[in-house]
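> next input, structure requested:
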Amino acid sequence: MTRRPAHKAFTLVEILLVVALIGVLMTTALAPIVYTVEKLHEVQREFHARSRERLLFRTIFEETRLVSSVAGFAPIRLVKGGELGSAGDDALVIWGSATTRRGLPAGCMVYRVLRSGVGKQKDPGLYRFILSPDRTPENVDLSLLKPEDASIVLKDIDSMTVEVYADEEWKEEYLGRLPLAMRIKLTRKAKNAESGKLKEETIAHEEWFPVS
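Numbering: from 1, shown residues only. All right, here's what the predicted structure looks like:
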């Protein structure tokens, strides 16, 4: 009677070794894909952040162009940070027809930074206040503005500095008509994607206005 040859089976150690090798190969193959996906998400977040910043600057400068040129008072006012408590807390106050885009009569708007712990405000950032039409830039008392009456326009902004070019020089404080130019610098603390540490980022924009 012919005896069939015995087939040698895999041992448990050999099976575990194969499974471990497959795991190593899969990890090696997937690591670049995971890294690439994370980088794509990072680039996408950065793109959206820059888009919001460009939109904000465009909005502020367009609203500044719409200041009233026939009002019997100065439609633009810059308040330096020292008057608001600390450097980098400048305020931009403008009076014009920009509010009519929101279904309101022509009036006064204020842009300034609010931080965590200021009044009832929770989210730090750059905010817009829309005031009653009878308020003019010169008679706005910034210390009386209530955070709950403002709307946020850009989150996580720590400071804003504004300058205008008038009378052949850049000015940090101003009360007058539409200047020749204006520049705005915003700073914020952002987390470094590689080190995880916070770093200060600066975003700035400058525009020259048409001479009337």
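> can you give me the distance of residue 30 to residue 60?
Distance, residue 30 to residue 60, using Cβ to Cβ, to the nearest Å: 45 Å. Any C-beta I mention is one placed from the backbone N, CA and C, and that applies to glycine too.
> these two - which one has more neighbours?
Applying other Cβ atoms under 10 Å to residue 30 and residue 60 shows that residue 60 carries more neighbours, namely 23 against 10.
> give me every residue that touches the more buried one.
Contact partners of residue 60, counting by Cβ atoms under 8 Å, 6 or more residues apart in numbering, are 92, 111, 184.
> quick one: the second one is in a strand?
Yes. Assigned with DSSP: H, G, I helix; E, B strand; the rest coil, residue 111 falls within a strand.
> tell me what the residue nearest to the spatial centre of the chain is bridged to.
Nearest to the geometric centre of the chain sits residue 154, at 4.1 Å (Cα atoms, centre = their mean). Under DSSP bridges, the beta-bridge partners of residue 154 are residue 126.
> got the contact list for it?
Contacts of residue 154 by Cβ under 8 Å, 6+ apart are 52-53, 56, 125-126, 186.
> what's the answer for residue 113, then?
So residue 113 contacts 88-89, 124-127, 157-160 (Cβ under 8 Å, 6+ apart).
> and the helices in this structure?
12-65 (DSSP state H).
> so, low pLDDT: which residues of it?
The chain contains residues with pLDDT under 70 at 1-10, 33-37, 39-43, 47, 82-88, 116-122, 191-196, 212.
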